[in-house]
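**Q** here is my input, please return the structure:
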Amino acid sequence: QVQLVESGGGLVQAGGSLHLSCAASGSTISSYNMGWFRQAPGKERELVTANSWSGGRTYYAESVKGRFTISRDNAKNMVYLQMNSLRPEDTAVYYCAADSDGSRWPPNGMDYWGKGTLVTVSS
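**A** Coordinates of the predicted model:
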């Protein structure tokens with residue numbers, strides 16, 4: 001079992017930055033592919049970015065390439081999402097998730113989810 005808790009969301013103006021954190025407990029994340037998903041009002045949840053358990057593979061949705069950066073610190077059991085040049089369309093609840101199946105890439109069918117943190121970008 002892995003418990004995930006996101007933090008760092010908030011209100012920011014367009015063009016600004018936010019740094020999201022995901023704290024994991026219950027098990028080490030070193031063997032999990034980790035991802036950040038988001039769900040905007042009235043839309044389906046989508047994969048934003050993911051990082052493989054080995055750190056060797058990284059995925060970014062086209063809409064965030066060049067603006068968002070995922071990172072992880074296995075020693076601290078933490079995953080991070082640095083979001084720069086934020087746009088109003090980035091407004092959503094952001095979720096951290098863990099996938100125990102290392103063969104799935106990009107990860108889907110996540111095993112564990114956090115409760116999410118709200119990011120609001122004003123124009």
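**Q** so who does E6 touch?
**A** Taking CB atoms under 8 Å, 6 or more residues apart in numbering, we find E6 in contact with 20-22, 94-96, 114-117. Every C-beta, even on glycine, is put in place using the N, C-alpha and C of the backbone.
**Q** tell me how many other residues crowd the nearest residue to it once chain neighbours are set aside.
**A** Sequence neighbours aside, T117 is the residue nearest to E6 in space, at 4.1 Å (criterion: CB to CB, 6 or more residues apart in numbering). T117 has 22 neighbouring residues, counting by other CB atoms under 10 Å.
**Q** isn't T117 right up against G8?
**A** Yes. Counting by CB atoms under 8 Å, T117 does reach G8; the two are 6.2 Å apart.
**Q** joint contacts of these two?
**A** Shared contacts of T117 and G8 (CB under 8 Å, 6+ apart): L20.
**Q** does Q39 have beta-bridge partners, and which?
**A** On the basis of DSSP bridges, Q39 is bridged to V93.
**Q** was I right to think it contacts Y95?
**A** Yes. Between Q39 and Y95 there is a contact under CB under 8 Å: 7.2 Å.
**Q** who has more neighbours out of the two?
**A** Legend: neighbour count by other CB under 10 Å for Q39 and Y95, higher for Y95 (23 against 14).
**Q** which other residues reach the helix or strand harbouring that one?
**A** Assigned by DSSP states H and E, Y95 belongs to strand 92-99. With contacts defined as CB under 8 Å, 6+ apart, strand 92-99 is touched by 2, 4-6, 9, 20, 22, 24, 29, 32-41, 43, 45, 48, 79, 81, 107-119.
**Q** which residues are in contact with both of Q39 and Y95?
**A** Contact criterion CB under 8 Å, 6+ apart; residues shared by Q39 and Y95: 45, 116.
**Q** low-confidence stretches in this protein?
**A** Regions of the chain meeting the criterion pLDDT under 70 are absent.
**Q** middle-most residue in it, spatially?
**A** With distances taken as CA atoms, centre = their mean, W36 lies nearest the centre of the chain, 2.0 Å away.
**Q** check the gap between it and G9 for me.
**A** Distance, W36 to G9, using CB to CB, to the nearest Å: 12 Å.
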